[in-house]
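**Student:** can you look at this prediction? I've put the sequence above it.
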Amino acid sequence: MSTPFYVSPQQAMADRAEYARKGIARGRSLVVLQYADGIVFVGENPSRALHKFSEIYDRIGFAAAGKYNEYENLRIGGVRYADLRGYTYDRDDVTARGLANVYAQTLGTIFSSAAEKPYEVELVVAEVGETPEGDQIYRLPHDGSIVDEHGSVAVGGNAEQISGYLDQRHRDGMTLAEALHLAVQALSRDTNGSQREIPAERLEVAVLDRTRPQKRKFKRITGGQLSRLLDQASADGTPAAESGSEEE
């Protein structure tokens, strides 16, 4: 009688985590940064139809890296949760923290289930507050854990290298043009430290702008407005992007 194949639970979970991380790393990176008037989402995305960033509710935005069909299912589920909660209770009861908890439960259940493969996604849920101190940014890895981020966060691709670059250069009170310029610089750095150019038409940019008079604070930045912001940052120079030592 042959000996049945056995894998320890620890090894099985480690293999599932490695599988998910490799899938996420194959996608393009994206970054989410706080600036003076809100939160900006920036990513390299040649597609004009398949978005990495979306609005979930009035003051809440969603960003994702990894497999599109998987994070799109999560996005739709988040919109349904927010609409139902806002309708049943009050619009102010829909928060990024509550949404992050729902996503964490879903991702955690899928990750620990032996019946299906783990999701190859990493999410960011952000909520813009009345003041910068009220902004909230939550990162949710593939295993359903929640990381409370401040200032800046990167997911997908070479996120670790990009996060280190942003941590050195991001500062409070940046203008939108400065934050956008810093994000593009971080995304355009290759793993060997060299810089490449990302044209404006390959960028996907959105903001949660606390100064908008509408309840809905999410807005996409495209076309001429995006080009003007990039030109403005290049013309003015961005101290935050130039300060600090270069990475080895």
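**Tutor:** Great, that's in hand.
**Student:** tell me where the chain has helices.
**Tutor:** Applying DSSP state H to the chain gives helices spanning 9-25, 68-88, 96-112, 159-169, 176-187, 223-236, 239-242.
**Student:** okay, buried residues for the fifth one please.
**Tutor:** The neighbour-count criterion (16 or more other CB atoms under 10 Å) identifies Leu176, Ala177, Glu178, Ala179, Leu180, His181, Leu182, Ala183, Val184, Gln185, Ala186, Leu187 as the buried residues of helix 176-187. No exception for glycine: its C-beta is placed from N, CA and C like everyone else's.
**Student:** is it correct that the second one is in contact with Leu229?
**Tutor:** Yes - checked against CB atoms under 8 Å, the pair Ala177 and Leu229 is within contact range at 4.9 Å.
**Student:** relative to Gly129, how far out is the residue nearest to Lys117 when sequence neighbours are not counted?
**Tutor:** With sequence-adjacent residues excluded and distances taken as CB to CB, 6 or more residues apart in numbering, Lys117 is closest to Tyr19, at 7.1 Å. Here the criterion is CB to CB, to the nearest Å. By it, Tyr19 lies 37 Å from Gly129.
**Student:** low-confidence ranges in this structure?
**Tutor:** Scanning the chain for pLDDT under 70 picks out the ranges 1-5, 191-193, 233-248.
**Student:** before we move on, back to that, identify the residues contacting the residue nearest to Lys117.
**Tutor:** Lys117, Pro118, Glu120 (CB atoms under 8 Å, 6 or more residues apart in numbering).
**Student:** among these, which one lies nearest to Asp93?
**Tutor:** Set against Asp93, the nearest of these by CB to CB is Pro118 (30.6 Å).
**Student:** my guess is that closest one contacts Gly108, does it?
**Tutor:** No - if you go by CB under 8 Å, Pro118 and Gly108 don't touch, sitting 10.0 Å apart.
**Student:** more crowded one of those two?
**Tutor:** Pro118 (23 against 16; other CB atoms under 10 Å).
**Student:** just the contacts of Tyr19 now: which is nearest Lys67?
**Tutor:** Distances from Lys67 to the contacts of Tyr19, taken by CB to CB, are shortest for Glu120, at 4.7 Å.
**Student:** what count of nearby residues applies to that closest one?
**Tutor:** 20.
**Student:** and for Val205?
**Tutor:** Look at Val205: counted by other CB under 10 Å, it has 23 neighbours.
**Student:** how about the contacts made by it?
**Tutor:** So Val205 contacts Val40, Phe41, Val42, Leu180, Arg220, Ile221, Thr222, Leu226 (CB under 8 Å, 6+ apart).
**Student:** now a ChimeraX select for only the buried ones of these.
**Tutor:** This is how ChimeraX selects the buried members of those, with burial counted by 16+ other CB under 10 Å:
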select :40,41,42,180,220,221,226
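**Student:** and which of the contacts of Val205 is nearest Gly78?
**Tutor:** Of the contacts of Val205, the one sitting nearest to Gly78 (CB to CB) turns out to be Phe41, at 15.2 Å.
**Student:** right, I'll leave it there.
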